[in-house]
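A.B. asks: generate coordinates for the sequence data below:
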Amino acid sequence: MTDIDEGLLAVLAPHGRLRAAINLGNAALAQRDAGTGELGGVSVALARELARRLGRELELVAFDGAGKVFAARDDDRWDIAFLAIDPLRAQSIAYTPPYVIIEGTFAVRADSPIRQVADADRPGQRLLVAHNSAYDLFLSKSLAHAEIVRAPTPAQSLEQFVASDHAAVAGVRQTLEAFFAERSGYRILADSFTTILQAMAVTHERRSALGLLAGFIEEQKRSGFVRAALDRSGRQDVAVAPPA
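C.D. replies: Just a heads-up that it's a prediction; the model follows:
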């Protein structure tokens, strides 16, 4: 990414700095250090490397859920974002090729009769999700019998599940594992209801910069940068997406 066209820089970072939306609701991609408050994870690493290559200061804009990132797309709060690829969202934003693949699954109580994902879709069962998350969008189309109950953010959906009698809570596997690691009486299903492709995204107004960003993502996968960033953040179980 040398000799970047100034016109593309103006499109991608019109305020003179690169503002990156970071979704803290997805523990596979981003984390906040409890002691220092510093943001880390693969999406943060990619944002920092992109800003370095563009020669622009980086501003990290943290959100507590993907739905809130997407909702802010027209508010001029971010220049790039890290979101799951979804056809509905693609009406408003444009995606690079994916950089990682993660799983969406359910957490249930230890004594729950739900043993696998298919068991969750039964009449009378209420399933908690984070509003407008990638798995909310998927389950809204795929469930035939169970009722979806939406919480504002992934963190709130998990807390609400613990405090209620809902049959299950949906989430990214790593987020569920992190939340229930020190809570007894729960288990996470071994199978998944979907694989989620995570990509860098821009609004359609910045679509002219998409080729530059796509090339950047492919280079970071090929060079091992994405794998190394995942490993540094303790996400050895997250798969790097194959070449586009």
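A.B. asks: switch to C-alpha atoms for all contacts and neighbour counts from now on
C.D. replies: OK.
A.B. asks: what is the burial count for the residue nearest to Gln236 when sequence neighbours are not counted?
C.D. replies: Of all residues not flanking Gln236 in the chain, Leu230 sits nearest, at 6.2 Å (Cα to Cα, 6 or more residues apart in numbering). Around Leu230 there are 24 other residues, counting by other Cα atoms under 10 Å.
A.B. asks: check Tyr186 too.
C.D. replies: 17.
A.B. asks: which ones are touching it?
C.D. replies: Neighbouring residues of Tyr186 by Cα atoms under 8 Å, 6 or more residues apart in numbering: Ala107, Val108, Arg109, Ala110, Phe180.
A.B. asks: just put those residues in JSON lines and tack on distance to Arg32.
C.D. replies: Formatted as JSON lines, the contacts of Tyr186 follow (distance: Cα to Cα, whole Å):
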{"residue": "Ala107", "distance to Arg32": "23"}
{"residue": "Val108", "distance to Arg32": "26"}
{"residue": "Arg109", "distance to Arg32": "27"}
{"residue": "Ala110", "distance to Arg32": "29"}
{"residue": "Phe180", "distance to Arg32": "17"}
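A.B. asks: so which of these is the most crowded?
C.D. replies: Counting by other Cα under 10 Å, top hit in the contacts of Tyr186: Ala107 with 27 neighbours.
A.B. asks: and that residue, bridged to which residues?
C.D. replies: Beta-bridge partners recorded for Ala107 (DSSP bridges): Val169, Ile188.
A.B. asks: need the contact list for it.
C.D. replies: Contacts of Ala107 (Cα under 8 Å, 6+ apart): Ala168, Val169, Ala170, Gly171, Leu176, Tyr186, Arg187, Ile188, Leu189.
A.B. asks: mind picking the two most distant members of those residues?
C.D. replies: Gly171 and Tyr186 (14.0 Å; Cα to Cα).
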